[in-house]
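Peer 1: quick one, structure for this:
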Amino acid sequence: MKRILIALGMMLGAVWAAGIVLVPLQLDLPFVPPALALPAAFLIPGAVMALMIGMLAARRFFDRTLIDGQAAQSGSRAEIDQRVLTNTTEQMVLALLVWPFIGFSLGGVSIIALGIGMALARLLFWLGYHISPPLRAFGFAASFYPTLFGAFWAVWIWMN
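Peer 2: Predicted coordinates:
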């Protein structure tokens, strides 16, 4: 059953990715220069990441077993928050490396859509992880796949 939930989450994340990348290209939105869009694109997922850091810091502050920086107990809410923050950091570094190319190839609106999508997907990943680990699959895929799909689409456009 876990694999089915994970596979379903991954498939839905792929659909999400296609929508995040392709829908803004189909809309008649005003041109946003990529250099102006990049800070905006990272602002919202950056705020979500700040929320994650703050939540983990609060957990550490109010838990005497964590206040001195000890590792959280496996499976605890604090440990899950640390895993979510670690994965979010990994995905944000990837986005920092790839989104500028996407923006210059597909336009600023595309990376703003990626930023909004990343923020929502990271919140769903976080929530899903706390509810049941297999439910994190959609949030993971919905934040990882758009960056990959956007990069492949940008390369395709750039080469043609």
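
Peer 1: state the pLDDT value of residue 60.
Peer 2: pLDDT for residue 60: 89.

Peer 1: spatially nearest residue to it (excluding sequence neighbours)?
Peer 2: In space, and not counting its chain neighbours, residue 60 is closest to residue 66: 4.4 Å by C-beta to C-beta, 6 or more residues apart in numbering. Just so you know, the C-beta spots here come from the backbone N, C-alpha and C atoms, and that holds for glycine as well.

Peer 1: residue boundaries of the strands in the protein?
Peer 2: With DSSP state E as the criterion, the chain has no strands.

Peer 1: quick one, helices of it?
Peer 2: 2-26, 34-62, 77-106, 108-131, 136-159 (DSSP state H).

Peer 1: want to throw the ones you listed into CSV with mean neighbour count and distance to residue 70?
Peer 2: Putting the helices of the chain into CSV (neighbours: other C-beta atoms under 10 Å; distance: least, C-beta to C-beta, whole Å) gives the following:
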stretch, mean neighbour count, distance to residue 70
helix 2-26, 16, 30
helix 34-62, 16, 9
helix 77-106, 18, 10
helix 108-131, 22, 21
helix 136-159, 20, 24
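
Peer 1: columns distance to residue 71 on top of those, output as TSV?
Peer 2: Output for the helices of the chain, formatted as TSV (distance: least, C-beta to C-beta, whole Å):
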stretch	distance to residue 71
helix 2-26	25
helix 34-62	11
helix 77-106	8
helix 108-131	18
helix 136-159	20
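
Peer 1: wait, the residue nearest to residue 60 sits on residue 72?
Peer 2: Yes: between residue 66 and residue 72 there is a contact under C-beta atoms under 8 Å: 6.0 Å.

Peer 1: on that earlier part again, burial of the residue nearest to residue 60, as a residue count?
Peer 2: Neighbour count for residue 66, taken as other C-beta atoms under 10 Å: 20.

Peer 1: cool, and the one 10 residues further on?
Peer 2: The tally of other residues near residue 76 (other C-beta under 10 Å) stands at 15.

Peer 1: residue 31 too?
Peer 2: 9.

Peer 1: burial count for the closest residue to it other than its chain neighbours?
Peer 2: Nearest non-adjacent residue to residue 31, counting by C-beta to C-beta, 6+ apart: residue 107, 6.6 Å away. Residue 107 is flanked by 19 other residues according to other C-beta under 10 Å.
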